[in-house]
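A.B. asks: got a structure for you, letters missing:
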């Protein structure tokens, strides 16, 4: 398949999966098959974009910046692949852990459309279509959250919906202002216009709204208060997908728009503000995690804390820091998604994930203990797992730039992360088993084990993967190949 075919497949497969699942009365198989095929297409895109190659698909053969353009570079391809992997795991867990209430309400078609929104956001080449794909993603997530029964879940849903509507409104206003000032929303065209000092000022003044919108979606403190009150109310299969996808797409938008489109002479608007917000997010998130006594809430606060690491990499904006940030994104999506899935295994096995009500899992189910230990140690940054290499590279970038506050925050938050993981281990896994224990479905154990193997593999293959991340960061910081692919002549028709 050509790169154009792979781009089309990444967008078409979720649509086909959603339609087929609805035709089969919400059956999971079309969603699973489309996700597996989407993962294969994404891996193929990773291969063809390696080395800094960029491919643009001009829809209707209209030249940019007038037509819609979908762009695949190394960064987009890596994000596509890892998010499709988590989508596969979420579909599998959903088939065995969720009640018929969810399946009657078209859960699997909605998972497909959620994946469609994510894929479109990664591949789009202009600001307005980034907004459109965000809305596809968010509307699907709204419908999924609305399925969860209970008063607390309903309150969490309304909170989630209102906050994201506010973020979307900021996004849309910012896009309108930027279009009014520049006459374009195409990423490549905007990048060129931003180099003009007069236009750069006008774009930067509107980008504050974009910064707020993406900060809410990425869950940067003080814009993250909605997350720890929303995600713990979701079933683990769904919270794993939300934790892996939603905040990371907000981070992807920050990297793409502020790390590539609006960069002028090696810096971007609000870079200093992002630096301090990133450190605040790291510290505030991990302190919130340490104070919790439920696995779901601990992991939800850790989403915030880890978002801070990835935002810090963008704020530092050096080649090493950007590569570390992209590597961190890939690592974190896999690890965090798997930790929420393991929480589901704990709840299925022991009936609860509250640390005061569960103990002795290492004796009653050693396999669950191992499946928790691998991603937990990786999240904490213990070598030789992927989290260590991500944090080490970011620490090295901070020291190279003499950013001592960033370096201290990286080390301190890492220590507190280890402490919070040990807190879960000591409470839930040590001690004597209490009450009846149920073995989770074998397919769920196998799925979590596969993600644990992926986590180990990311550490073992950290060198080659970091090179891919370095290529992706290079395409952001020096987007000549991106500009040539988008603003040059449309790709010739495939034979």
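C.D. replies: Happy to help now that I have it. Just so you know, these numbers come straight off a predicted model, no measurement behind them. Numbering: from 1, shown residues only.
A.B. asks: The nearest residue to residue 124 once chain neighbours are set aside: how many residues sit nearby?
C.D. replies: Leaving aside its sequence neighbours, residue 124 sits nearest to residue 130 (CB to CB, 6 or more residues apart in numbering; 5.1 Å). For every residue, glycine as well, the C-beta is placed using N, CA and C. Per other CB atoms under 10 Å, the neighbour tally for residue 130 reads 26.
A.B. asks: Let me know the average pLDDT across stretch 113-124.
C.D. replies: The average pLDDT within stretch 113-124 is 94.
A.B. asks: Next: stretch 413-420.
C.D. replies: 93.
A.B. asks: ok, residues contacting it?
C.D. replies: Contacts to stretch 413-420, defined as CB atoms under 8 Å, 6 or more residues apart in numbering, come from residues 282-283, 286-287, 289-290, 298, 302, 305, 308-309, 379-382, 391.
A.B. asks: Buried only: go through those residues for me.
C.D. replies: Listed as buried from the contacts of stretch 413-420 are 282-283, 286, 289-290, 298, 302, 305, 308-309, 379-382, 391; burial here means 16 or more other CB atoms under 10 Å.
A.B. asks: show me where the stretch 1-150 of the chain has helices.
C.D. replies: 3-23, 29-49, 74-97, 100-104, 107-123, 127-146 (DSSP state H, counting those that start in this stretch).
A.B. asks: mind checking how far the fifth one is from the chain centre?
C.D. replies: When distances are taken as CA atoms, centre = their mean, to the nearest Å, helix 107-123 is centred 13 Å away from the chain's centroid.
A.B. asks: which other helices and strands contact it?
C.D. replies: helix 3-23, helix 29-49, strand 69-72, helix 74-97, helix 127-146, helix 236-256 (3 or more CB pairs under 8 Å, 6 or more residues apart in numbering; DSSP states H and E).
A.B. asks: now the ones you listed in a markdown table, with mean pLDDT and distance to residue 470?
C.D. replies: Formatted as a markdown table, those follow (pLDDT from 0 to 100; distance: least, CB to CB, whole Å):
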| stretch | mean pLDDT | distance to residue 470 |
| --- | --- | --- |
| helix 3-23 | 93 | 21 |
| helix 29-49 | 94 | 13 |
| strand 69-72 | 93 | 18 |
| helix 74-97 | 93 | 9 |
| helix 127-146 | 91 | 24 |
| helix 236-256 | 90 | 14 |
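A.B. asks: Ok, which of these comes nearest residue 432?
C.D. replies: Smallest distance to residue 432 across the helices and strands packed on helix 107-123 (CB to CB): 24.7 Å, for helix 236-256.
A.B. asks: so that closest one versus helix 74-97, what angle?
C.D. replies: 170 degrees (axes from the mean of the first three to the mean of the last three CA atoms, to 10 degrees).
A.B. asks: Run a quick neighbour tally on the closest residue to residue 403 other than its chain neighbours.
C.D. replies: Excluding the flanking residues, the one nearest residue 403 by CB to CB, 6+ apart is residue 316, at 6.5 Å. Using other CB under 10 Å, residue 316 has 23 neighbouring residues.
A.B. asks: you'd agree residue 316 is up against residue 398?
C.D. replies: Yes - the pair residue 316 / residue 398 is scored as a contact, 6.5 Å apart, by CB atoms under 8 Å.
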